[in-house]
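Chemist: Here's my sequence, what's the structure:
(chains A, B, C and D)
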There are 2 protein chains.
Amino acid sequence: MKQETRKEEIVRVAAKLFKEKGYSAVTMRDLAREMGIKAASLYNHINSKQDILDGIIISLAEEFTKGMGLIRSRDSSCIEKLKKIIELHVKISSQNIYGMASLNNDWMHLEVQLDYYQKLRIAYENDFKSILKEGIESNEIVDAKPDVMMFSILTTLRSLYIWIPKKEDLNLQELSNTLYQILIKGINK
Amino acid sequence: MKQETRKEEIVRVAAKLFKEKGYSAVTMRDLAREMGIKAASLYNHINSKQDILDGIIISLAEEFTKGMGLIRSRDSSCIEKLKKIIELHVKISSQNIYGMASLNNDWMHLEVQLDYYQKLRIAYENDFKSILKEGIESNEIVDAKPDVMMFSILTTLRSLYIWIPKKEDLNLQELSNTLYQILIKGINK
DNA sequence: GTCTATATTTTGATAGAC
DNA sequence: GTCTATCAAAATATAGAC
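Modeler: Residues are numbered from 1 along each chain as shown, chains lettered A, B, ... in the order given. This is a model prediction of the structure:
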């Protein structure tokens, strides 16, 4: 296990505060207080508040892009790919609950990296939609609107960070399975 | 049709800006610019920035509470109640897209009204869960975890505001029906 | 690596003229 | 109902001592 650097600690603590109040409402003094130092001292490790947000969001977005690439490259059915996507979101979200809040709610406060983020996001959604369309064509899934299907599933997966910390008895594989049941197979008998 | 007061106009324009950047990132000068007046003039109509947020969030929260009360009082099946809940969210969200963003993302910036909001929110979620539990008992829906089911469905419904404005050809009843298919009946064949 | 001190800008809000 | 002028507080960030 690599030792956490001071900079990484700052980013981690910042993400926690960003989740509670949002990027704009968290001040460098808030962050410093939580770190037990003075605000000026933060700048020995980071360049700006902006940079902290960039680090949180871009690294997560790239993680999702990488995961989607692996899933798409596999030669498996649409339903199996959807199951893998669910597992991808459960895994990344549970490993970085705080960061997921920034990814979801504060991406619009990116500046230099905003275009890059939006490129990754659009590509991810297009890949997701392609998988659904393949599934419709191959008669694996129902012929409903792929847009609405993607919106519904992806919204739930993107919001896992809100809900994961509330469960004490969290078994990640069990959560993935339950989500698979609910999102893919539906809830009615 | 009642004429919109200046105060209502300010709240409406503020909600639009809050959706784009979040409550904390929107300044009274931003709001004044969008209204075509100076920031100081806003205070002739509203007491504070806080008050604007209160108005947006509390009125929406009460609308949901009222709608849930009507649904619960009906003598209908669990599945029919779930369908009514979907329609409730589609209706309120489409009528107040901007306000829904504040309700979802900026409720933690409430001050005086925070406790009241959280009370309404918890009651709403408990009502929702009760409906699901009844459905499980009466064998109408599958015996999966009601918590995860509620989280999944409610997250999608709460996020409709993100997605509704993107659809040009929006038919509300059709959207409700598609969501019913996807959320309740599932997507696999 | 942290501190004190401080520069600069921006914030929500008020007073009073018109 | 809107304006100009202004306040007091709070924001990000830098300089330089230790």
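Chemist: residues touching the residue nearest the centre of chain A, list them.
Modeler: Central residue of chain A (Cα atoms, centre = their mean): A:Met100, 4.5 Å from the mean position. By Cβ atoms under 8 Å, 6 or more residues apart in numbering or on different chains, the contact list for A:Met100 reads A:60, A:92-93, A:158, A:160-161. Yep, even glycine has a C-beta here, placed from its N, CA and C like the rest.
Chemist: can you rerun that using 7 Å?
Modeler: A:60, A:93, A:161 (Cβ atoms under 7 Å, 6 or more residues apart in numbering or on different chains).
Chemist: do the same with A:Glu87
Modeler: Taking Cβ under 7 Å, 6+ apart, one finds A:Ser176 in contact with A:Glu87.
Chemist: For the residue nearest to the centre of chain A, give me the pLDDT.
Modeler: Listed pLDDT for A:Met100 reads 98.
Chemist: ok, which stretches of chain A are helices?
Modeler: A:6-21, A:28-35, A:39-42, A:49-73, A:78-95, A:97-105, A:114-137, A:146-158, A:160-163, A:172-180 (DSSP state H).
Chemist: Can you report how many residues neighbour the residue lying closest to A:Ala144 once chain neighbours are set aside?
Modeler: Of all residues beyond its chain neighbours, the one nearest A:Ala144 is B:Gln181 (5.4 Å), with distances taken as Cβ to Cβ, 6 or more residues apart in numbering or on different chains. Residues lying near B:Gln181 (other Cβ atoms under 10 Å in any protein chain shown) number 18.
Chemist: Could you measure from B:Gln181 over to A:Val148?
Modeler: 9 Å (Cβ to Cβ, to the nearest Å).
Chemist: just A:Ser73 next, same as before
Modeler: 27 Å.
Chemist: Of all the helices of chain A, which one is nearest B:Ala39?
Modeler: helix A:6-21 (23.5 Å; Cβ to Cβ).
Chemist: Identify, from the contacts of A:Met100, the entry nearest to A:Glu4.
Modeler: A:Leu60 (17.4 Å).
Chemist: isn't the closest one right next to A:Ser102, touching?
Modeler: No. Using Cβ atoms under 7 Å, A:Leu60 makes no contact with A:Ser102, being 8.0 Å away.
Chemist: thinking again about what came up before, got the helices of chain A as TSV, with distance to DNA strand D columns?
Modeler: Formatted as TSV, the helices of chain A follow (distance: least, Cβ to the nearest atom of the strand, whole Å):
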stretch	distance to DNA strand D
helix A:6-21	10
helix A:28-35	4
helix A:39-42	3
helix A:49-73	4
helix A:78-95	26
helix A:97-105	14
helix A:114-137	16
helix A:146-158	26
helix A:160-163	23
helix A:172-180	34
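Chemist: so which of these comes closest to B:Leu17?
Modeler: Nearest to B:Leu17 among the helices of chain A is helix A:97-105 (15.7 Å), distances taken as Cβ to Cβ.
Chemist: Identify the residue nearest A:Ala25 in space, chain neighbours excluded?
Modeler: In this structure, A:Ala25 finds its nearest non-sequential neighbour in B:Ser24, 3.9 Å apart by Cβ to Cβ, 6+ apart.
Chemist: correction: A:Trp163
Modeler: Per Cβ to Cβ, 6+ apart, closest to A:Trp163 is B:Phe151, 4.9 Å.
Chemist: and A:Lys81, how many neighbours?
Modeler: A:Lys81, neighbours per other Cβ under 10 Å, totals 22.
Chemist: List the contacts of it.
Modeler: Applying Cβ under 7 Å, 6+ apart to A:Lys81 gives the contacts A:71, A:131.
Chemist: picking that back up, could you double-check that the residue nearest to A:Ala25 lies in contact with A:Thr27?
Modeler: No. Counting by Cβ under 7 Å, B:Ser24 does not reach A:Thr27; the two are 10.3 Å apart.
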